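Asker: build me a model from this:
(one chain, ligands or ions: 1)
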Amino acid sequence: MFSLRSVAKTYPNATIALDGITAEIAPGEFVALLGPSGCGKSTLLRLLAGLEEPSAGEIGWEHRPGPGDIGFVFQDATLLPWASAEENVYLPLRLRGHKHAEAAPLVAAALAQVGLAEFTKAKPRGLSGGMRMRVSIARALVSDPMLLLMDEPFAALDEFTRHRLQDDLHALWRRSGKTIVFVTHSIYEAAYLASRILVLSPRPGRIAAELRPNLPEGAHRRTSAAYTQLVAEITETFQRVMPGHE
Ligand SMILES: Nc1ncnc2c1ncn2[C@@H]1O[C@H](COP(=O)(O)OP(=O)(O)OP(=O)(O)O)[C@@H](O)[C@H]1O
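Answerer: Here you go, the predicted structure:
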């Protein structure tokens, strides 16, 4: 779907956020960018979104994304507080000039995809944190993007809600075949969700290691011996690649 060739990013204040990032991402992959705070994960997402330009290297696209081809989900749900779930999900289509009548079935389908078919009229304050995040995911899905960029979307949720949303996101990914790039600090989350894990080193971020997990699907995924083993493997990888670790 896209390739990163020796991509580097230095900010005007001389902070080198990323250096020499090279990777090829195929359609349908679920890529976790896993790394410590400040290693440039969000910078990499912004480069992919076209919000920043690399200072060196290049990003090559198989099909250059147009409007609506990339969906974003951030750590905060960033919903309009006075607007209903439905209106929040309609927003990106409205901004691109879609009429309400034509958008309504897409909005309803996106909300149904995240399990909120019954909550279309609810305002954000009437929804739990997990439900607000579901609205945010529906808003990202409404234009049927080819690529979903997610920046620590579940970091602020309690553990139980987080597990539910991880389960549902994983199922959605399997069902839809979308390409997802997901930033996280959590080894457990990366292990559970991703088909490929890129471990980034501390700033300047480089790809320090790469894993391609192949966990069993189904109800026992999280409790499987393979999952525990994968978490141990990623933890060992971290200890190996992070300076200052014994
Ligand atoms: N606009 C900017 N100007 C200058 N420095 C920046 C800018 N944006 C980010 N940085 C710096 O670049 C480095 C990488 O930031 P980035 O937000 O990409 O990291 P991150 O891995 O996403 O961190 P976190 O996990 O804490 O969100 C940090 O040191 C940050 O302070």
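
Asker: what helix or strand is the residue nearest the centre of the chain on?
Answerer: The residue lying closest to the centre of the chain (C-alpha atoms, centre = their mean) is M150, at 2.2 Å. Assigned by DSSP states H and E, M150 falls within strand 147-151.

Asker: give the next helix or strand downstream of that strand.
Answerer: Downstream of strand 147-151, the next assigned helix or strand under DSSP H and E is helix 159-176.

Asker: buried residues, that following helix. List them.
Answerer: Counting neighbours by 16 or more other C-beta atoms under 10 Å, one finds that the buried residues in helix 159-176 are 161-163, 165-166, 168-170, 172-173. Just so you know, the C-beta spots here come from the backbone N, C-alpha and C atoms, and that holds for glycine as well.

Asker: follow-up on the earlier one: how about the strand holding M150 as CSV, C-alpha atoms only?
Answerer: Taking Å, rounded to 0.1, in the frame of the first residue of the first chain, the C-alpha atoms of strand 147-151 are listed here in CSV:
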residue,chain,number,x,y,z
LEU,A,147,-6.1,3.3,5.6
LEU,A,148,-7.0,3.9,9.3
LEU,A,149,-4.4,5.8,11.4
MET,A,150,-5.0,5.4,15.1
ASP,A,151,-2.9,7.3,17.7
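
Asker: got the angle between that strand and helix 159-176?
Answerer: On the basis of axes from the mean of the first three to the mean of the last three C-alpha atoms, to 10 degrees, strand 147-151 is oriented at 170 degrees to helix 159-176.

Asker: bridging residues for the residue nearest to the centre of the chain?
Answerer: Beta-bridge partners of M150, counted by DSSP bridges, are V73, F182.

Asker: let the chain start at 321 from now.
Answerer: All right, first residue 321 from here; so that's M470.

Asker: check contacts around it.
Answerer: By C-beta atoms under 8 Å, 6 or more residues apart in numbering, the contact set of M470 is 392-393, 500-503.

Asker: got CSV for the residues you listed, with neighbour count too?
Answerer: CSV is the format used below for the contacts of M470 (neighbours: other C-beta atoms under 10 Å):
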residue, neighbour count
F392, 20
V393, 24
I500, 24
V501, 26
F502, 26
V503, 23
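
Asker: out of the residues you listed, which one sits closest to D339?
Answerer: Nearest to D339, judged by C-beta to C-beta, of these is V503 at 17.6 Å.

Asker: what does the pLDDT read for the closest one?
Answerer: V503 carries a pLDDT score of 96 in this model.

Asker: got it, and G388?
Answerer: On the pLDDT scale, G388 gets 89.

Asker: swap in P524?
Answerer: 84.

Asker: what backbone torsions are found at it?
Answerer: Dihedral pair for P524: phi -70, psi 130, per degrees, to the nearest 10.

Asker: got a list of contacts for stretch 363-383?
Answerer: With contact meaning C-beta under 8 Å, 6+ apart, stretch 363-383 is reached by 321-330, 337-338, 340-342, 347, 353, 385, 390, 392, 466-467, 469, 471, 501, 503, 525.

Asker: same thing but at 6 Å, please
Answerer: With C-beta atoms under 6 Å, 6 or more residues apart in numbering as the test, stretch 363-383 has contacts from 321-330, 337-338, 390, 469, 471.

Asker: same check on stretch 507-520?
Answerer: Contacts with stretch 507-520, where a contact means C-beta under 6 Å, 6+ apart, come from 349-355, 359, 486, 490, 504, 527-532, 550-551, 554, 557.

Asker: ok, W493 - contacts?
Answerer: By C-beta under 6 Å, 6+ apart, W493 lies in contact with 350, 500.
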